[in-house]
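A.B. asks: Would you be able to build a 3D model of this:
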Amino acid sequence: MFEKATYLISSPSYDQCPKPDKFEIAFIGRSNVGKSSLINMLAGRKGLAKTSGKPGKTQLINHFLIDEEWYLVDLPGYGYAKTSKKTRGEWAIMIEDYLVHRESLQIVFVLIDSRLDPQKIDLEFINWLGENGVPFALVFTKADKQSINKGQQNMAKFRKVMKQTWEELPMFFLTSSETGHGKDELTEYIQTLLEN
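C.D. replies: Next up, the predicted model:
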């Protein structure tokens, strides 16, 4: 898995994406959550997804072809980015259209900063996914920035908050792009999804 990863295309709307003839797995998160770094870590390619110190670097729907078999999709972040309200609104529509209408989409990995207590913006986005029947899993990033124990505690807080409104919780993963923590678990989970 991830033997070969190739950048394919960046699309401004879901209907301009490649033909939905392959399984698709998408990644999304707040600006600056470490999404590009995580994608590069999974693919074992440093410069595959463009990383930036500035939030809001990803502005289009980016498709990468993995092992000639499936698409990894890098979506623009939600939340803070130094762009106009109008542009943020356009991004939101583009992302929502893609998530709701893309028939080849198997799952969305929602990235959460493992150092933070549950944030309203993340919870609202997750609830929106649930309301729209979009399958997702949660990937907590930046595990190397604190003890693993502290990361686990913040994940437990997140579970507790979700249990107030969710009957069934999604999968949770704790990862670090720096150390590779969680890479095997996440890769195995993706493999299982593709096989099923």
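A.B. asks: so who does the residue nearest the centre of the chain touch?
C.D. replies: Geometric centre of the chain, nearest residue: residue 27, 2.3 Å, by CA atoms, centre = their mean. Counting by CB atoms under 8 Å, 6 or more residues apart in numbering, residue 27 touches 35, 38-39, 72-75, 108-109, 111, 139. Glycine gets a C-beta too; all of them are placed from N, C-alpha and C.
A.B. asks: Out of those, flag the one nearest to residue 155.
C.D. replies: Distance ranking of the contacts of residue 27 against residue 155, using CB to CB, places residue 139 first at 10.5 Å.
A.B. asks: What count of nearby residues applies to the closest one?
C.D. replies: 25 (other CB atoms under 10 Å).
A.B. asks: element containing it?
C.D. replies: Take DSSP states H and E as the rule and residue 139 turns out to sit in strand 136-141.
A.B. asks: Just checking: what are the partner strands of that strand?
C.D. replies: strand 105-113 (parallel), strand 172-174 (parallel) (DSSP bridges).
A.B. asks: Adding mean pLDDT and mean neighbour count, write the ones you listed out as a markdown table.
C.D. replies: Below are these laid out as a markdown table (pLDDT from 0 to 100; neighbours: other CB atoms under 10 Å):
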| stretch | mean pLDDT | mean neighbour count |
| --- | --- | --- |
| strand 105-113 | 97 | 22 |
| strand 172-174 | 97 | 20 |
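A.B. asks: what sits up against stretch 93-108?
C.D. replies: 12-15, 17, 20-28, 61, 71, 73, 75-76, 78, 128-129, 132, 134-137, 193-194.
A.B. asks: bridging residues for the residue nearest to the centre of the chain?
C.D. replies: Under DSSP bridges, the beta-bridge partners of residue 27 are residue 74, residue 109.
A.B. asks: buried ones in the worst-scoring helix or strand of the chain on mean pLDDT?
C.D. replies: Sorting the helices and strands of the chain by mean pLDDT, DSSP states H and E puts helix 85-101 at the bottom, at a mean of 83. Residues 90-91, 94-95, 98-99 are the ones in helix 85-101 that count as buried (16 or more other CB atoms under 10 Å).
A.B. asks: Save these as CSV, and put in distance to residue 144 too.
C.D. replies: Shown next, in CSV, are the buried residues of helix 85-101 (distance: CB to CB, whole Å):
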residue, distance to residue 144
90, 34
91, 29
94, 32
95, 28
98, 31
99, 29
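A.B. asks: Could you point out which of the residues you listed is nearest to residue 7?
C.D. replies: With CB to CB as the yardstick, the closest approach to residue 7 among the buried residues of helix 85-101 comes from residue 98, at 17.7 Å.
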